[in-house]
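[1] Provide a 3D model corresponding to the input given below.
(one chain, ligands or ions: 1)
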Amino acid sequence: MPSARIVGTGAYVPERLLTNADLEKLVDTSDEWIVERTGIKERRIAGASQASSDLAYAAAQKALKQAHLKPKDIDLVIVATCTPDMAFPSTACFLQDRLGIKRAGAFDINAACSGFVYGLHLASSLIRTEAHKRILLVGAEVLSRVTDWQDRTTCVLFGDGAGAVIIEGTKEKRGIISTHIQADGGLGELIMLPGGGTRTPCSKEMLIKKLQYIKMKGNETFKVAVRTLEELAARTIEDSGLDPSQLSLLIPHQANLRIIQATAKRLNLPEEKVFVNIEKYGNTSAASIPIALDEALHAGRVKDGEYVLLEAFGGGLTWASALLKW
Ligand code: ACO
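    Have a look, this model is predicted:
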């Protein structure tokens, strides 16, 4: 059985910056509160005409270029998103068409902020069983469209962006070493976007109640996130027979700097072994890890043969990890 390996990465964030100072004009908040509680200084906001597949397209093009591949080399397109262009066609189908990929399957997956790592779990299995040769996996979100800009408990947290990877088989003993995914649907009410689906379809009443926006019990979510991510990260490393000191870089989902620091502390990882870019983008949900991975690679923070741990937590609730040997 071949291993599955990431052979190209790309990221895209929209041009428009929204700083904490800008948010101070919208809601009763302060730069000091946001930085201290979350680590976020600014985030990117998609233009009025940009949907998730547009961001995904820009990131995918960069990943293809970096891997020296053409769209025709891809035989499966997976987009992880909780903010699709529309219910259907899938965002992956829009992306496939835009890239001009003719013979490939295309579908979306939704595990909220854990979506990209869930996607790695799926894609690496499909590559290892040789069901597919080369998979384009993209995490893409336009969370600004489902954010209530009058709700200070959520609007300071989120941003828009996309990150893409290309995964193919290798006979070498490296690549995606292991993946773990988990969920607890019983805690789903902690973060949800209740309106617009078949439970509560779009209606005047739904709009008055603002159910088309993200609702989050932040503090309760925070506690579950810290506990589950600490456990998951430690278990992923133990299961692979490694010691945390052998890890070269932790690339966590960028939801809250304090959650990231708690996981790093549990693994006894020094600051330089933890990748953080939350200050620039906020929480971009499924896009956060592939954007961070792309930036880490460009910054020379990941070298051949090094172990990298990805871990994410999000709505569902869902959480997931992937251990890579680069
Ligand atoms: N500015 C100023 N004050 C604020 C703001 C704000 N933007 N937001 C909340 N507050 C106030 C609250 O009203 C509260 O005031 P009170 O004590 O008078 O009631 C106080 O600050 C503390 O609020 P908490 O919610 O307890 O603050 P906490 O330290 O938990 O930080 C935060 C909130 C940043 C949301 C944190 O809980 C968090 O990051 N949670 C996890 C988020 C997460 O990981 N989500 C998962 C992914 S999301 C997805 O899947 C789409």
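[2] In contact with the residue nearest the centre of the chain, which residues?
    Closest to where the C-alpha atoms of the chain average out (C-alpha atoms, centre = their mean) is residue 286, at 2.4 Å. Residues in contact with residue 286, defined by C-beta atoms under 8 Å, 6 or more residues apart in numbering, are 80-82, 111-116, 119, 139-141, 314. From N, CA and C alone the C-beta is placed, and that goes for glycine too.
[3] do the same with residue 27
    Counting by C-beta under 8 Å, 6+ apart, residue 27 touches 149, 150, 151, 152, 155, 156.
[4] Most neighbours among the residues you listed, please name it.
    Neighbour counts for the contacts of residue 27 (other C-beta atoms under 10 Å) peak at residue 156, which has 25 neighbours.
[5] Let me know whether that one touches residue 36 as I believe.
    No. Counting by C-beta atoms under 8 Å, residue 156 sits too far from residue 36 to count as a contact (11.6 Å).
[6] which residues do the two both contact?
    Here residue 156 and residue 36 share no contacting residue, scored by C-beta under 8 Å, 6+ apart.
[7] Show the backbone phi and psi for residue 310.
    Here is the backbone geometry of residue 310 (degrees, to the nearest 10): phi -110, psi 140.
[8] Give the burial count for the residue of the stretch 101-250 of the chain found nearest the ligand, as a bare number.
    Nearest residue of the stretch 101-250 of the chain to the ligand: residue 218, at 2.8 Å (C-beta to the nearest ligand atom). A count of nearby residues for residue 218, using other C-beta under 10 Å, gives 15.
[9] how about the closest residue to it other than its chain neighbours, secondary structure?
    Using C-beta to C-beta, 6 or more residues apart in numbering and skipping residues adjacent in sequence, the residue nearest residue 218 is residue 153, 5.7 Å away. In three-state terms, and counting by DSSP: H, G, I helix; E, B strand; the rest coil, residue 153 is helix.
[10] Give me the distance between residue 153 and residue 119.
    Residue 153 sits 29 Å away from residue 119, going by C-beta to C-beta, to the nearest Å.
[11] ok, the two, which is more surrounded?
    Neighbour totals were compared for residue 153 and residue 119, and residue 119 leads with 30 against 15 (other C-beta under 10 Å).
[12] which SSE is that one in?
    helix 115-128 (DSSP states H and E).
[13] Up against the ligand, what does the protein have?
    Neighbours of the ligand within the chain, by C-beta under 6 Å from any ligand atom: 29, 33-34, 37-38, 112-113, 152-153, 156, 191, 218-219, 221-222, 225, 255-256, 259, 283, 285, 313-315.
[14] Now go through those and say which are in helices.
    Under the assignment DSSP state H, the residues of the chain next to the ligand contribute 33, 34, 37, 38, 152, 153, 218, 219, 221, 222, 225, 259 to helices.
[15] quick one: the fourth one and residue 257 touch, right?
    Yes. Counting by C-beta under 8 Å, residue 38 touches residue 257, with 6.3 Å between them.
[16] more neighbours, the two?
    Higher neighbour count among residue 38 and residue 257: residue 38, with 22 against 19, using other C-beta under 10 Å.
[17] Start from the N-terminal end of the stretch 51-200 of the chain and give the strands.
    Secondary structure of the stretch 51-200 of the chain, counting by DSSP state E, counting those that start in this stretch: strands at 76-80, 105-109, 134-142, 160-170, 175-183, 191-192.
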